[in-house]
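Peer 1: need coordinates for the below:
(chains A and B)
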Amino acid sequence: ETGVTQSPTHLIKTRGQQVTLRCSSQSGHNTVSWYQQALGQGPQFIFQYYREEENGRGNFPPRFSGLQFPNYSSELNVNALELDDSALYLCASSLEDNTEAFFGQGTRLTVV
Amino acid sequence: TQLLEQSPQFLSIQEGENLTVYCNSSSVFSSLQWYRQEPGEGPVLLVTVVTGGEVKKLKRLTFQFGDARKDSSLHITAAQPGDTGLYLCAGFNSGGSNYKLTFGKGTLLTVNP
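Peer 2: The predicted structure follows:
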């Protein structure tokens, strides 16, 4: 067990709705990264947060946004959900050097 | 855009057989990591290789990083049903203040008893 916890584990939303996913990082880790894993694909980098600020972003539209809190936990928000947003959303925590990332179990989002 | 190509995409073998999974890129990475992911779970880090030509062993698993730090392989000896899972390679680069992992699509391994 890595100590990274995500909630909820499963979620069903309707197209056009908004969703918030949550992640508690492993104790002592100050960096959180979010990844999207579509079925049959490897995880794709969405963005990373370090010290409550976005520290890099992948090729995702602005309707994907995030937050990091003083306790290093993080949220991923997705607005105007589309069917293609259906995926496993993974949170990974690490120290700032990112040499080792520890993943949570993920949130399975289904958009109908 | 950095890409990692993994092969084969699917592999189904019998218990006791040996196998090798490959991870190739045209880009150089600072390090390369191998993960194993089971259905409904997040990836679990198996190993990180940093130096070109490096070989690391983890019980029956042998990981090698290419001399040019563009490719890697994972060899499993005497595979067991418990080795079943999705094996992902991920390249790590530090670009300014942005650290991210670039993942391959994975190799789905099934070991039949």
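Peer 1: just checking, what packs against the longest strand seen in chain B?
Peer 2: As assigned by DSSP state E, the longest strand anywhere in chain B is strand B:85-95. Using 3 or more Cβ pairs under 8 Å, 6 or more residues apart in numbering or on different chains; DSSP states H and E, the elements in contact with strand B:85-95 are strand B:5-7, strand B:31-37, strand B:71-76, strand B:98-103, strand B:107-112. Using the backbone N, CA and C atoms, a C-beta is placed for each residue, glycine as well.
Peer 1: and of those strands, who's closest to chain A?
Peer 2: Among those, strand B:98-103 comes nearest to chain A, with 3.0 Å by Cβ to the nearest Cβ.
Peer 1: residue 42: how many residues sit nearby?
Peer 2: I went with chain A, as the question did not name one. For A:G42, the neighbour count with other Cβ atoms under 10 Å in any protein chain shown is 22.
Peer 1: chain B was what I was after
Peer 2: The burial count for B:G42: 23, using other Cβ under 10 Å.
Peer 1: can you put the helices and strands packed on strand B:85-95 in TSV and add mean neighbour count, mean pLDDT and distance to chain A?
Peer 2: Below are those laid out as TSV (neighbours: other Cβ atoms under 10 Å in any protein chain shown; pLDDT from 0 to 100; distance: least, Cβ to the nearest Cβ, whole Å):
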stretch	mean neighbour count	mean pLDDT	distance to chain A
strand B:5-7	16	95	8
strand B:31-37	23	94	7
strand B:71-76	21	96	14
strand B:98-103	23	79	3
strand B:107-112	17	97	9
